[in-house]
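A.B. asks: Quick one, structure for this:
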Amino acid sequence: MNIRFKPPALPASGTFVLLTNSKELGKYGKQINKRTKGALARAVKSQGFEGKKETSLSLLAPAHSKLERIVLVGLNTGGLLTPLDLERTGGLIASICTPADNAKTSAKAKAENNITVLFDIPSEIIRREDGEKKTTQLAAHVALGALLRHYQFAKYKTAPKGKKKPKITQNLVLGVEKPTAARKAFAPLKHVAAGICLARDLVNEPANVLTPPDFAKRTRALAKLGVKVEVFGETKLKQLGMGALLGVGQGSIQPSQLVIMQWQGAGKTKQPIAFIGKGVCFDTGGISIKPSPNMEDMRGDMGGAAAVTGLMHALAARKAKANVVGVIGLVENMPSGTAQRPGDIVKSMSGQTIEILNTDAEGRLVLADALWYTQKRFKPQCMIDLATLTGAILIALGQEYAGMFSNSDTLCKRLEVAGQNEGEKVWRMPLHETFDKMIDTPNADMKNIGGRYAGSSTAAQFLQRFVNNIDWAHLDIAGTAMGAPKSPINQSWGSGFGVKLLNRFVSDYYEG
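C.D. replies: Numbers count the residues shown, from 1 in each chain. Next up, the predicted model:
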């Protein structure tokens, strides 16, 4: 999708979209109504359009006009508009204005698919955190929403025999009074969109393509943006003593990897903030094998690592003024003659020993060594890990919230606010000494499962044993990273959850 910002003007052809918060026609509505000899006003009245949020009205091939169609999109929330409202509206525009493969439109219209968007709303209904009320600035968020909705993962789809895959380029033109200001506002958002789409691509890839070495190879592309990328193979991981991480991958022919990504956008002496991602590129459960129904979804068990990679792309591309480290542990959990067994005891990098009672509780083993390595080497201001860690979090929170566990009230509040603003919500869940005792075992320092109850909390307690005196939060994104409910800005199986949230977190609290 091509995004452009221009001074507002009624288009002569293509699709015309008018954003309004009222059933009454505004400045541009009246102009287009005059051009169509009153057709727009008649349609508004006959269809009962009132300008409510995320509602629309379409006129196809309106008379007395060369336009393909006119679309009214409602923005009336009953209160102030937020950037997220406008992003969802942008997604709605992209969905309405995407021609179907069998649409009977002209070849020229299919090839160009020009969409012009104008705003018929008073600026005082728009809320911005900085107090400004400029439609020109917030047009950027409409563009962001359209980009995210436009995302498709279709690289493995082939055209019917004898036909070519259709190539349709959408040109979204947003009419604003100050195009330069709008372009400036959109520049960082465009890079955030690219990071989200990168995370979605990674989650959507099949596991026979995205192996741990392939994932690690793809992270090297971040070097073009100024990210320092290091990849540790199994020899290095053994030298570091990462027995917990290596144990998960020892049943696979695919070698395990640890990737360290560093972005330095602030002073060299400033401590970084660190993000750690679980990257189980496919999870069979190992010897404690999963049931076969829906096991194919376990190609997305690297959603945490995908989010960290997408976040590093977004931060580096927009030149974030912060020092950030991203660490991802990449493994494949397979059953074989070399796989770890229930009853095995492994030694983590921290020196703590872990009794493996269930080989399907593997993500916490990967994170244990990654967390320990990160704090030992980088001594960050805070650490946040993301992982598709437990099915129990779906039972607790469904797919509307990610579970948040933390030793810091301040960190929790910051993540909660960022999540609300960006539409990637988190809900704090409990840590408690009673849960911690549930992972004690007489045979080692701890066991990797805590029993039937409080599965998400005992998993978080396990991780906390590998966190020292540092602010830390664990985000269990099992319900939000893959297969989450569709929304106006996402129709993909892999959602890219976490990139927007954490980009906002960095921007609000660690830059400037």
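
A.B. asks: Below-threshold pLDDT in the stretch 101-250 of the chain: ranges please.
C.D. replies: By pLDDT under 70, the low-scoring segments of the stretch 101-250 of the chain are 101-112, 122-136, 165-168.

A.B. asks: what number of residues lie near Q239?
C.D. replies: Residues lying near Q239 (other CB atoms under 10 Å) number 9. Quick note: C-beta positions are derived from backbone N, CA and C, even for glycine.

A.B. asks: right, and L415 touches W427 too?
C.D. replies: No. Using CB atoms under 8 Å as the test, L415 is too far from W427 to be in contact (10.3 Å).

A.B. asks: More neighbours: those two, which one.
C.D. replies: L415 (26 against 15).

A.B. asks: That one: what's it in contact with?
C.D. replies: The neighbours of L415, taking CB atoms under 8 Å, 6 or more residues apart in numbering as the test, are I384, M404, S406, V426, A473, L475, L501, F505.

A.B. asks: from those residues, which ones fall inside helices?
C.D. replies: Using DSSP state H, the subset of the contacts of L415 located in helices is L501, F505.

A.B. asks: Now do the helices in the stretch 151-300 of the chain.
C.D. replies: Taking DSSP state H, counting those that start in this stretch to define them, one finds helices in the stretch 151-300 of the chain at 179-204, 212-219, 234-240, 243-249.

A.B. asks: Neighbours of the nearest residue to P380 once chain neighbours are set aside, how many?
C.D. replies: In space, P380 comes closest to A274 once its chain neighbours are excluded; the distance is 3.9 Å by CB to CB, 6 or more residues apart in numbering. Using other CB under 10 Å, the number of residues around A274 comes to 27.

A.B. asks: And T309, by the same measure?
C.D. replies: 30.

A.B. asks: so who does the residue lying closest to it once chain neighbours are set aside touch?
C.D. replies: Once flanking residues are discounted, T309 sits nearest to T219: 5.8 Å by CB to CB, 6+ apart. Applying CB under 8 Å, 6+ apart to T219 gives the contacts V229, V231, V259, M261, T309, I328.

A.B. asks: Make sure L367 is indeed in a helix.
C.D. replies: Yes. Using DSSP: H, G, I helix; E, B strand; the rest coil, the assignment for L367 is a helix.

A.B. asks: Touching, it and V280? I think so.
C.D. replies: No. Here L367 lies out of contact with V280, judged by CB under 8 Å, at a distance of 10.3 Å.

A.B. asks: show me where pLDDT drops low in the chain?
C.D. replies: 99-112, 122-136, 165-168.

A.B. asks: Among the contacts of L415, which pair sits farthest apart?
C.D. replies: Spatial extent of the contacts of L415 (CB to CB) is set by the pair S406 and L501 at 14.2 Å.

A.B. asks: Compare neighbour counts for these two and give me the winner.
C.D. replies: Counted by other CB under 10 Å, S406 and L501 do not tie: L501 has more neighbours, with 28 against 24.

A.B. asks: how close does the residue nearest to T309 get to A266?
C.D. replies: Distance of T219 to A266, computed by CB to CB, to the nearest Å: 22 Å.

A.B. asks: Return the member of the contacts of L415 nearest to I96.
C.D. replies: When the contacts of L415 are compared against I96 (criterion: CB to CB), the nearest one is L501, at 27.1 Å.

A.B. asks: The closest one touches E416, doesn't it?
C.D. replies: No. At 10.0 Å, L501 does not count as touching E416 under the criterion of CB under 8 Å.

A.B. asks: Please name the residues that touch A305.
C.D. replies: So A305 contacts L202, F215, G277, K278, G279, I328, G329, L330 (CB under 8 Å, 6+ apart).

A.B. asks: What helix or strand is the last one located in?
C.D. replies: In other words, L330. Per DSSP states H and E, L330 falls inside strand 323-333.

A.B. asks: Can you mark which positions in that strand are buried?
C.D. replies: N323, V324, V325, G326, V327, I328, G329, L330, V331, E332, N333 (16 or more other CB atoms under 10 Å).

A.B. asks: Please name the bridge partners of the fifth one.
C.D. replies: Beta-bridge partners of V327, counted by DSSP bridges, are I260, I276.

A.B. asks: G494 versus that one, what's the distance?
C.D. replies: From V327 to G494 the distance is 21 Å (CB to CB).

A.B. asks: Would you mind listing the two of the contacts of A305 that lie farthest apart?
C.D. replies: Once CB to CB is applied, the contacts of A305 give L202 and G329 as the farthest pair, at 14.4 Å.

A.B. asks: what's the closest non-adjacent residue to A481?
C.D. replies: That would be G303: by CB to CB, 6+ apart, it lies 3.1 Å from A481.

A.B. asks: Contact partners for that neighbour?
C.D. replies: Going by CB under 8 Å, 6+ apart, the list of residues near G303 reads A199, V203, K278, L386, A387, T388, I477, A481, M482, G494, F497, G498.

A.B. asks: element containing the nearest residue to the last one once chain neighbours are set aside, please.
C.D. replies: What it means is G498. Leaving aside its chain neighbours, G498 sits nearest to A307 (3.4 Å; criterion: CB to CB, 6+ apart). For A307, the host element (DSSP H and E) is helix 303-317.

A.B. asks: tell me the angle that helix makes with helix 179-204.
C.D. replies: 150 degrees (axes from the mean of the first three to the mean of the last three CA atoms, to 10 degrees).

A.B. asks: Counting neighbours, show which residues of helix 303-317 come out buried.
C.D. replies: Judged by neighbour count using 16+ other CB under 10 Å, the buried positions of helix 303-317 are 303-317.

A.B. asks: Then stretch 502-512?
C.D. replies: So stretch 502-512, judged by 16+ other CB under 10 Å, has buried residues L502, N503, R504, F505, V506, S507, Y509, Y510.

A.B. asks: From these, pick the one nearest L57.
C.D. replies: R504 (32.9 Å).

A.B. asks: Look up how far P485 lies from that closest one.
C.D. replies: 21 Å.
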